[in-house]
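Student: pasted the sequence and its predicted model underneath.
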Amino acid sequence: MKGVDAQRAVQDFLATWPPFAELPPGNPSRRGLLRFLAEEDRREREAILVKVNPAYRLAGVYRALGILRNPRRAEELAEVLQLTATDLAAAIAQGNHVARLRLLMRGFEFGPGAASPRVRAQQTFLVEFWGLPIKGHGMKYSIYPNGVLYAGGGKTHEEMAREFVKAGLGSGTPESGGQIFRAGELVFLYDTRTQSFKGSVRPAAVGEAIRRAIHASGADDQRVTLTYNELSAGG
């Protein structure tokens, strides 16, 4: 079974498979997976995976920077690229599709493979963090209790706090926030100068939280320099 027939068979299966069928119509994983399985060009398939799965995107960044700490995890995510509609349709017909479905859930982060709210918040932060231009504009960030970091793509700290709750990432008010600047490929400066929240946090605790997030996402955090910049114009 190939082409349109394979895609139709897979879509029919996914429509009744609970982990996928229960995803809301506008869910990025739902849209991305359907587009992914309908696409045959490897570059386009990878572009879809990069957009939908921050973990895959970050692994690519870390590989390019030479700080990838967990190659096996990156290889596992790359295995998703080999999974075509034709392959999946054949596996479904033969009844040996469980491993492939698990791979899809990890690759597109849904069902049992979904990232926790804390991890999703950290991923959002890290994608923006590693996207900063060297000696260019900075990024605003917020830090919540237990070192949960979040960034909102240029929004104010108040807007970011509302978005954090609306996205289901957590509740409550950030302990602090500020800005981060990229001074070199692996060199970052940060401050804690926001006046948006009444709480406070030790500057060193922000650096430690960033380092933990980098490590947990699969990179060698010891290669990254994080310096508190007391005089920056954050907030």
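Tutor: Structure received.
Student: ok, now which ones touch the most centrally placed residue in the chain?
Tutor: The centre of the chain sits closest to Pro54, judged by C-alpha atoms, centre = their mean, with a distance of 2.7 Å. By C-beta atoms under 8 Å, 6 or more residues apart in numbering, the contact list for Pro54 reads Arg120, Gln123, Thr124, Leu126, Val127. For the C-beta atoms, the positions are set from N, CA and C on the backbone; glycine is no exception.
Student: turn the residues you listed into a markdown table, columns for secondary structure and pLDDT.
Tutor: Formatted as a markdown table, the contacts of Pro54 follow (DSSP: H, G, I helix; E, B strand; the rest coil; pLDDT from 0 to 100):
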| residue | secondary structure | pLDDT |
| --- | --- | --- |
| Arg120 | helix | 93 |
| Gln123 | helix | 95 |
| Thr124 | helix | 93 |
| Leu126 | helix | 98 |
| Val127 | helix | 96 |
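Student: output these as JSON lines; include the columns neighbour count and distance to Lys198.
Tutor: Converted to JSON lines, the contacts of Pro54 look like this (neighbours: other C-beta atoms under 10 Å; distance: C-beta to C-beta, whole Å):
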{"residue": "Arg120", "neighbour count": "18", "distance to Lys198": "26"}
{"residue": "Gln123", "neighbour count": "21", "distance to Lys198": "28"}
{"residue": "Thr124", "neighbour count": "21", "distance to Lys198": "24"}
{"residue": "Leu126", "neighbour count": "23", "distance to Lys198": "27"}
{"residue": "Val127", "neighbour count": "16", "distance to Lys198": "29"}
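Student: helices along the protein, start to end?
Tutor: In the chain, the helices defined using DSSP state H lie at 3-16, 18-21, 28-38, 42-52, 54-65, 71-79, 85-94, 98-108, 117-130, 157-166, 203-216.
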